[in-house]
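Trainee: Would you be able to build a 3D model of this:
(one chain, ligands or ions: 1)
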Amino acid sequence: MNEQLSHILGQLSPVAGAGRIDPAALLQAHEQAAVTSLRLNPRKPADLSFALTGQVPWCSTGRYLGERPVFTLDPLFHAGAYYVQEASSMFVQHAVEALADRTGPALRLLDLCAAPGGKSTLLAGLLRDEDLLIANEVIQPRAAILAENMSRWGQMNTWVTQNDPKDFTALGAYFDIMLIDAPCTGSGLWRKDEAAMDEWSPEHVKLCSERQKRIVADALPALKPGGLLLYATCSYSPEENEEVLDWLCDNFQLESQAVPVQEDWQIVETRSAAHQAYGYRFYPWKLQGEGFFLAAFRKPEDQEEAPQKKDRSEKKKGAAGAARKGKDESARWSRFMKVPLLAVERNEEFYGLHPVHQKDYEYLQPRLRIKKTGTALGKLAGKDEIPDHELALSIHLSAELPALEVSREEALLFMKKEEIRKEHALKGWQVVTFGGLGLGWGKWLPNRMNNYYPKNWRIRMDIR
Ligand SMILES: C[S@@+](CC[C@H](N)C(=O)[O-])C[C@H]1O[C@@H](n2cnc3c(N)ncnc32)[C@H](O)[C@@H]1O
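Mentor: Predicted structure coming up:
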């Protein structure tokens, strides 16, 4: 392995100044295992069954673990009590806290390259209910995984879209904060995935760099003047980092922002060659985390707003209109939630939104391919409501609903889609909980239990 890594290190373009890569230190870091860390869900407090060994310095909810447990066998993982995330990338929290005003009017955020959802769940945890996060992923199967992880996180103010970056131009200047965690060569993560080294080449670095510039340029019109852009990669290559910053300064007059960092965090501040734009490099030989890069920009206040494009299709607009015109079933779904909701319907499935986001829904629905608007509530069947799995995972789920708290063993059986407690005198729909957190729905009938855990979420591993 080291031979291959040494060979690649010989071809990596040098990073200027303080960011200089020490090949011996990098090779030595690769002799050690990657650090395991997770981020707690601030809206789903829980007692974890494994030891947490320390706090990630730049993220209040980030924790290190001594050993990597089998997360699949932990019901709290499935309940969304935490997200297993690489520690360096949690720096996004610190950057947002340092540079964004989260006390003023409601914020709109876009996480443009969001799957599988590490940084979207992080951003979601920083939001007030009136703020809105659009977590976007262009690649379909990855967007499905993103939607699943956002469902687990349980917030109604995080929606999932599946759009190409340039589709956001149609929105005009819409977002206050935009995170672009761009696809990259991923050299910073090789300690976790050695096989990925095989794909590295100077040509691939160039291709990634060009794609990164294109992605930012495509999405930038959707950032409001004065808005905050966070650009991140997990690459060591300056072509994907500082060079992109210079290109952005040249082409969009963005204002680089310094992020204050504590010296003992051992994060390396770099400056781009031409514009002296600030960048923050994370090196595994200096801190407890993998390779990562982040830079922050402010869009100038006086930059002309892009004219909002006309809707792409009247047909789509019609669909939105239909959703608005349908019978308002908000009151019917309200008993499931402890906060006010607006129910909107798409293809017979109802979704719950915070009522403050009605205008966002009307504006975004015809313009974006929305996979998940708020929280999927379920379907109506005559007088009955068939609750969606996602509803059981909501942080807003009403405490008045019939609930069945189960043991760890029962929770695992339930998530294997087996019948549990079928002999008990339970009646009708119950939200199955573990540690007080919803896992899914079961419906109890005389001598039978129907397990509504989604087939594609089912635990396939041997649980005994
Ligand atoms: C570094 S990963 C994102 C990781 C994610 N932000 C997280 O924290 O979990 C980059 C993402 O960009 C997506 N992507 C690939 N090509 C893209 C393109 N041309 N435009 C936008 N996104 C792209 C990939 O599918 C991938 O999910």
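
Trainee: Any stretches of the stretch 251-400 of the chain with poor pLDDT?
Mentor: With pLDDT under 70 as the threshold, the stretch 251-400 of the chain has low-confidence stretches at 303-325.

Trainee: Can you name the residue of it nearest the ligand?
Mentor: Using C-beta to the nearest ligand atom, the closest approach of the stretch 251-400 of the chain to the ligand is made by Phe292 at 10.2 Å. Yep, even glycine has a C-beta here, placed from its N, CA and C like the rest.

Trainee: in the stretch of helix or strand Phe414 belongs to, what counts as buried?
Mentor: Using DSSP states H and E, Phe414 maps to helix 408-415. For helix 408-415, the neighbour count (16 or more other C-beta atoms under 10 Å) marks 410-415 as buried.

Trainee: Assumed Ser394 was part of a helix.
Mentor: No. Using DSSP: H, G, I helix; E, B strand; the rest coil, the secondary structure at Ser394 is coil, not a helix.

Trainee: Show the contacting residues for it.
Mentor: 154, 156, 337, 352, 375, 438 (C-beta atoms under 8 Å, 6 or more residues apart in numbering).

Trainee: Check Glu148 too.
Mentor: Trp457.

Trainee: Just the CA trace of the one helix or strand it maps to, in CSV.
Mentor: Taking DSSP H and E as the criterion, Glu148 maps to helix 140-153. Below are the C-alpha coordinates for helix 140-153, written out as CSV (Å, rounded to 0.1, in the frame of the first residue of the first chain):
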residue,chain,number,x,y,z
GLN,A,140,-30.7,9.0,-8.4
PRO,A,141,-29.7,6.0,-6.3
ARG,A,142,-27.6,8.3,-4.1
ALA,A,143,-30.6,10.7,-3.7
ALA,A,144,-32.6,7.8,-2.4
ILE,A,145,-30.0,7.1,0.3
LEU,A,146,-29.9,10.8,1.1
ALA,A,147,-33.7,10.8,1.5
GLU,A,148,-33.5,7.8,3.8
ASN,A,149,-30.9,9.5,6.1
MET,A,150,-32.8,12.7,6.2
SER,A,151,-36.0,10.8,7.1
ARG,A,152,-34.1,9.2,10.0
TRP,A,153,-32.9,12.6,11.2
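
Trainee: For the most centrally placed residue in the chain, pull up the helix or strand it's in.
Mentor: With distances taken as C-alpha atoms, centre = their mean, Ser120 lies nearest the centre of the chain, 2.1 Å away. Using DSSP H and E, Ser120 maps to helix 118-124.

Trainee: Report how many residues lie close to the residue nearest to Leu171 when sequence neighbours are not counted.
Mentor: Distances taken as C-beta to C-beta, 6 or more residues apart in numbering put Ala222 closest to Leu171, at 5.0 Å, once the chain neighbours are dropped. Look at Ala222: counted by other C-beta atoms under 10 Å, it has 24 neighbours.

Trainee: separation between Ala222 and Ala18?
Mentor: Per C-beta to C-beta, to the nearest Å, Ala222 is found 33 Å from Ala18.

Trainee: Assign a three-state SS to the residue nearest to Arg458 when sequence neighbours are not counted, would you?
Mentor: Excluding the flanking residues, the one nearest Arg458 by C-beta to C-beta, 6+ apart is Lys417, at 4.9 Å. On the three-state scheme (three-state DSSP), Lys417 is labelled coil.

Trainee: Who are the contact partners of Lys417?
Mentor: Listed by C-beta under 8 Å, 6+ apart, the contact set of Lys417 reads 451, 453, 455, 458.

Trainee: same thing but 10 Å
Mentor: Contacts were defined as C-beta atoms under 10 Å, 6 or more residues apart in numbering; by that measure Lys417 touches 440, 451-455, 457-459.

Trainee: Among the residues you listed, which lie within strands?
Mentor: The members of the contacts of Lys417 that map onto strands under DSSP state E are 440, 451.

Trainee: Mind telling me what element Trp159 is part of?
Mentor: strand 158-161.

Trainee: Once you drop chain neighbours, what's closest to the residue in the stretch 201-350 of the chain that the ligand sits nearest to?
Mentor: The ligand sits closest to Ile215 of the stretch 201-350 of the chain, with a gap of 4.8 Å, by C-beta to the nearest ligand atom. Distances taken as C-beta to C-beta, 6+ apart put Pro165 closest to Ile215, at 4.9 Å, once the chain neighbours are dropped.

Trainee: pretty sure the one you found is touching Leu171, no?
Mentor: No. Applying C-beta atoms under 10 Å, one finds Pro165 not in contact with Leu171, separated by 11.7 Å.
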